[in-house]
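Visitor: coordinates for the following, if possible.
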Amino acid sequence: MTVEPARRLRGRVRLPGDKSVSHRYALLAALADGTSSIGGYAPGADCASTLACLRALGVVADLDAAGRLVVSGRGLRGLAAPQDPLDAGNSGTTLRLLAGILAAHAFSTVLTGDASLCRRPMRRLIVPLERMGAGIDSDDGHAPLTVRGAALSGIEHVLEVPSAQVKSAVLLAGLQARGTTVVREPAPTRDHTERALEAFGVRLERRGTAIVLEGGQALRPQRLEVPGDPSSAAFWAVAAAALPGSEVELAGVGLNPTRTALFDVLRRLGAAVEATVERVEAGEPSGRVVVRPASLAPLVIRPPEVPGLIDELPALAALATFGGGLEVTGASELRAKESDRITALVAGLAALGADAHELPDGFVVRPTRRLAGGTADSRGDHRLAMAFAVAALGALEPSTVLGAEAVAVSYPGFFEVLDQLRD
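Guide: A predicted model of the protein is given here:
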């Protein structure tokens, strides 16, 4: 995809459904006793992988005439043994959360994915599920995983590093286990699973850094709406903050407090960010955000901030190329995403003309020069493809983003919206 420089961006954007919330609503609806209806289900490839896996497990999940996802639940531990391995594609959320669910089912399942997913570490997932009673075989701590389900027992588990996916997998296993499951986090992560469980009628407790869940609780079917994806919104927010004269309104975007750290960072830089909560659905607030340009002061992101910004760091790196600069540390988790996001991000920005280099657990972007333009390789990573496109808006010449089709993982219409916002 060739991206031309832009003078400014102006307009209103309605975001695709939140990927994180969509996965969780579909998975919990599959375990509910009855039929659920989900509006605004995310259109990307990752969430399509979750639906494909659920259908292979005997779940009926289809769009109705109004475009809502209708899921016929099979109850706790009610999924059917699949005939073939389950392919999670590029979706780590699909694989990890399904592993937690299938750990309680009395059959064996192979969970696999594409080459990128099979490179991502899974030991932090395997250890607690085996402690609960499941058997899991892996390829030296990587997918494919063979999950041998069993009657599980609740455990107390302390996460080694902040991970919403591992936390969620353990909670989903605990929901189907005997006794109580406790998950302790070293730092707060996205709490969509906790909110979704409560929306489906599950009682849980938050005790400081711990989430406490009693197993065996039935899920009630629900009618739900998925808010707009704040991680997708991040790219329009940073572009509006970067380009003088811009003004972008983000409509219906999710405003869960565990997902709004980017907006706080933009305010810290001097951007005008107006956020208004307009509704709360199933515990998930959503509303309107308007972003206008920032003064682009130097920005430093230290380890305590990283868990709340992990998906938005590529967008902030793109913002740094417009001036101000950025230093990130404590983000080694980026090396285990769809790509090694530290190496690939720095290489792509440097190819566009940025003064960027790697750190062992992060990266630095120095504001020494305006981007010249060039060719950046996203390495098949959807967030890098969007970050390079935003950075290219400030270049002197047109730029090419290789692997731009990867945006379909989370935001299939990204480049069409970019064209509409140009002013």
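Visitor: and Arg206, which of the three is it?
Guide: The three-state assignment at Arg206 reads strand, by DSSP: H, G, I helix; E, B strand; the rest coil.
Visitor: so what pairs up with it in the strands?
Guide: Ile211 (DSSP bridges).
Visitor: contacting residues for Ala177?
Guide: 104, 132-133, 152-154, 215-216 (C-beta atoms under 8 Å, 6 or more residues apart in numbering). All C-beta spots, glycine's among them, are computed from the backbone N, C-alpha and C.
Visitor: buried ones among those residues?
Guide: Neighbour counting with 16 or more other C-beta atoms under 10 Å marks 104, 132-133, 152-154, 215 as buried within the contacts of Ala177.
Visitor: of these, closest to Glu416?
Guide: Ala104 (42.0 Å; C-beta to C-beta).
Visitor: excluding sequence neighbours, find me the nearest residue to that closest one.
Guide: Spatial nearest neighbour of Ala104, excluding adjacent residues (C-beta to C-beta, 6 or more residues apart in numbering): Gln176 at 3.6 Å.
Visitor: run a quick neighbour tally on that neighbour.
Guide: For Gln176, the neighbour count with other C-beta atoms under 10 Å is 23.
Visitor: which SS class is the residue nearest to Gln222 when sequence neighbours are not counted?
Guide: Closest residue in space to Gln222, ignoring its immediate chain neighbours: Ser36 at 5.1 Å, by C-beta to C-beta, 6+ apart. Using three-state DSSP, the structure places Ser36 in strand.
Visitor: wait, what's in contact with Ser36?
Guide: Ser36 neighbours (C-beta under 8 Å, 6+ apart): 25, 29, 70-71, 73, 221-224.
Visitor: go again with 7 Å.
Guide: By C-beta atoms under 7 Å, 6 or more residues apart in numbering, the contact list for Ser36 reads 29, 71, 73, 221-222, 224.
Visitor: what's across from it in the sheet?
Guide: Val71.
Visitor: rewinding a little: what would the contacts of Ala177 look like in JSON lines with distance to Leu316?
Guide: Shown next, in JSON lines, are these (distance: C-beta to C-beta, whole Å):
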{"residue": "Ala104", "distance to Leu316": "39"}
{"residue": "Met132", "distance to Leu316": "37"}
{"residue": "Gly133", "distance to Leu316": "42"}
{"residue": "Leu152", "distance to Leu316": "40"}
{"residue": "Ser153", "distance to Leu316": "42"}
{"residue": "Gly154", "distance to Leu316": "39"}
{"residue": "Gly215", "distance to Leu316": "40"}
{"residue": "Gly216", "distance to Leu316": "43"}
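Visitor: can you redo those residues as JSON lines with distance to Pro188, secondary structure and pLDDT?
Guide: Below are the contacts of Ala177 laid out as JSON lines (distance: C-beta to C-beta, whole Å; DSSP: H, G, I helix; E, B strand; the rest coil; pLDDT from 0 to 100):
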{"residue": "Ala104", "distance to Pro188": "26", "secondary structure": "coil", "pLDDT": "98"}
{"residue": "Met132", "distance to Pro188": "23", "secondary structure": "helix", "pLDDT": "98"}
{"residue": "Gly133", "distance to Pro188": "28", "secondary structure": "coil", "pLDDT": "98"}
{"residue": "Leu152", "distance to Pro188": "26", "secondary structure": "coil", "pLDDT": "98"}
{"residue": "Ser153", "distance to Pro188": "27", "secondary structure": "strand", "pLDDT": "98"}
{"residue": "Gly154", "distance to Pro188": "22", "secondary structure": "coil", "pLDDT": "98"}
{"residue": "Gly215", "distance to Pro188": "24", "secondary structure": "coil", "pLDDT": "98"}
{"residue": "Gly216", "distance to Pro188": "27", "secondary structure": "coil", "pLDDT": "97"}
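Visitor: and which of the residues you listed is nearest Arg422?
Guide: The nearest one, if we look at those relative to Arg422 and count by C-beta to C-beta, is Ala104, at 50.2 Å.
Visitor: on that earlier part again, can you pull the pLDDT of the residue nearest to Ala104?
Guide: pLDDT, Gln176: 98.
Visitor: wait, what's in contact with it?
Guide: Per C-beta under 7 Å, 6+ apart, neighbours of Gln176: 76-77, 104, 152, 215.
Visitor: over to Gly34?
Guide: Gly34 neighbours (C-beta under 7 Å, 6+ apart): 73, 221.
Visitor: what of Thr112?
Guide: 85, 87, 118, 143-144.
Visitor: partner residues bridging it?
Guide: Going by DSSP bridges, Thr112 is paired in beta bridges with Asp87.
Visitor: so how far is Ser410 from it?
Guide: 21 Å (C-beta to C-beta, to the nearest Å).
Visitor: on the three-state scheme, the residue lying closest to Val202 once chain neighbours are set aside is what?
Guide: Nearest non-adjacent residue to Val202, counting by C-beta to C-beta, 6+ apart: Gln217, 4.9 Å away. Secondary structure for Gln217, judged by three-state DSSP, is coil.
Visitor: Pro227 contacts Ser286, doesn't it?
Guide: Yes - contact criterion C-beta atoms under 7 Å: Pro227 and Ser286 qualify, at 3.6 Å.
Visitor: which neighbours do these two share?
Guide: Joint contacts of Pro227 and Ser286 (C-beta under 7 Å, 6+ apart) are 252-254.
Visitor: beyond the strand or helix carrying Thr276, next helix or strand please.
Guide: With elements taken from DSSP states H and E, the one containing Thr276 is strand 272-281. Counting by DSSP H and E, the next helix or strand C-terminal to strand 272-281 is strand 284-292.
Visitor: quick one: buried residues of that next one?
Guide: Here strand 284-292 shows 284-292 as buried, counting by 16+ other C-beta under 10 Å.
Visitor: just put those in CSV and tack on pLDDT and distance to Leu418.
Guide: Below are those laid out as CSV (pLDDT from 0 to 100; distance: C-beta to C-beta, whole Å):
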residue, pLDDT, distance to Leu418
Glu284, 98, 27
Pro285, 98, 27
Ser286, 98, 23
Gly287, 98, 23
Arg288, 98, 20
Val289, 98, 18
Val290, 98, 18
Val291, 98, 15
Arg292, 97, 18
